[in-house]
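Participant: The sequence and its predicted three-dimensional model are supplied below.
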Amino acid sequence: MSLSSLVPRSFFVGVFIVLAVVGGVSQRQGIEVVDALGRVVRFERPPERLTLAGKGSFMLIDAAYLFPTEARQRIAAFAGAAQLSVDWLTLIDPTFRQTKTLLESQVGPEQIAATKPDAVILRALESTKLGPGVERLGIPVVYVELETIERYLNDLRILGQIFVNSKRAEELGAFYAERLGRVAQRTREIRERPRVLVLNYSVRGGTVAFEVAPVKWMQTQMVERAGGDPIWTSTAQPGGWTVVTFEQIAAWNPDIIFIIDYSGDARVTISKLRQDPLWASLKAVKNNQIYGFPGDFYSWDQPNPRWILGLSWLATKIQPKLFSDIDILSELRAFFSLYGLSPETIQTKILPVLKGDLP
């Protein structure tokens, strides 16, 4: 297993190659990876066996597979998750059942060690939980954030360092930066921001609840960037979804409502809400401005790589005059091609599973 050491350093992005060769990077060269916590993780050679684990591991898996060749070759194991889609994994890595170890979602350090990784990749929220236990077993840990728009491009660069493919990281960064720039440029000088409410619909123990996201979460950031005013921020609590009552929703009486449904199709949920007299009295429902957040195998509102699709889609709904030229299906095809999926595969395997308010 590669030796590593962790050195506190003010945050920067970069990778130091200990040995250099003309024409590329030798797989025997040492590397340094600067992770999301600003730590320097040193390897005598690029890690060849990677284990991905921790909370929200499906987001981490999907980000890693934006490096299709490296992910297939170097990921040895990953942890399951509530939202993990085997059908999606089969599309992007048809042999994963034979080549990868699928761990339990609540995996511990000893189970991770059993996969014999050269390094473990975790989200930064595990830096005080799972991470220290893994490091005590002598296994290097590299953290990525995968939580905010501001840091997402850096997370891709970190993965590029681990996979020793900075060129691919730059290509991915350009894809995201182009779309972020388009939204930022068009919304920079808008004077009127519609009052927007994003609600997560959930059913626990037979009880229906509506929840709002924390201020720093992706859902709130996406609304702000897409030209809307997220009206729930004064009510949201940090660290997780906050349940809100219908009375609070009615008091807000938003211009636009977006419904997220991780366990189903939000269009079905909205159809039921329209039949409820209380919901029918809301301005957004009266004006036909209530939408189901899109998704395919995963919803587009999360810190999964699909958030860039969610941002573009939101912009077309919140500021339709500014983004009337955006063809979301074209955006979708461009995005899924990043995983190496052919146009035919996208047509036959992705489009049929689309959910939410899409063309």
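Facilitator: It's in.

Participant: how about the closest residue to T233 other than its chain neighbours, what does it touch?
Facilitator: Closest residue to T233 apart from its sequence neighbours, by C-beta to C-beta, 6 or more residues apart in numbering: V215 at 5.0 Å. Quick note: C-beta positions are derived from backbone N, CA and C, even for glycine. For V215, the contact set (C-beta atoms under 8 Å, 6 or more residues apart in numbering) comprises 233, 236, 238.

Participant: Closest one of the residues you listed to Q302?
Facilitator: Q302 lies nearest to A236 out of the contacts of V215, by C-beta to C-beta, at 16.2 Å.

Participant: That closest one: how many residues sit nearby?
Facilitator: For A236, the count of nearby residues is 21 (other C-beta atoms under 10 Å).

Participant: V183 too?
Facilitator: V183: 22 neighbours (other C-beta under 10 Å).

Participant: please renumber so the chain begins at 7
Facilitator: Right, with 7 as the first residue, what we last looked at is V189.

Participant: Does it touch R231 like I think?
Facilitator: Yes: using C-beta atoms under 8 Å, V189 makes contact with R231 at a distance of 5.7 Å.

Participant: Mind listing the shared neighbours of the two?
Facilitator: Residues touching both V189 and R231 (C-beta under 8 Å, 6+ apart): 317, 321.

Participant: For stretch 197-214, list the C-alpha coordinates in CSV.
Facilitator: Output in CSV follows, covering the C-alpha atoms of stretch 197-214 (Å, rounded to 0.1, in the frame of the first residue of the first chain):
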residue,chain,number,x,y,z
ARG,A,197,-34.4,43.7,-11.3
GLU,A,198,-37.3,41.4,-10.5
ARG,A,199,-36.7,38.1,-8.9
PRO,A,200,-39.8,35.9,-8.5
ARG,A,201,-40.5,34.5,-5.0
VAL,A,202,-39.6,30.9,-5.3
LEU,A,203,-40.3,27.9,-2.9
VAL,A,204,-38.6,24.5,-3.3
LEU,A,205,-40.2,21.8,-1.3
ASN,A,206,-39.1,18.2,-0.7
TYR,A,207,-42.1,15.9,-0.5
SER,A,208,-41.6,13.0,1.8
VAL,A,209,-43.7,10.3,3.4
ARG,A,210,-42.5,8.7,6.6
GLY,A,211,-44.6,6.2,8.5
GLY,A,212,-47.6,7.2,6.4
THR,A,213,-47.3,10.9,7.3
VAL,A,214,-46.8,13.4,4.5
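
Participant: Which residues does that stretch contact?
Facilitator: For stretch 197-214, the external contacting residues (C-beta under 8 Å, 6+ apart) are 215-219, 225-226, 229, 233-238, 247, 250, 255, 258, 260-269, 272, 275, 290, 299, 307, 324.

Participant: Show me how far it is from its chain's centre.
Facilitator: How far stretch 197-214 lies from its chain's middle: 19 Å, per C-alpha atoms, centre = their mean, to the nearest Å.

Participant: go on, stretch 137-149?
Facilitator: Its chain's C-alpha centre and that of stretch 137-149 lie 23 Å apart, by C-alpha atoms, centre = their mean.
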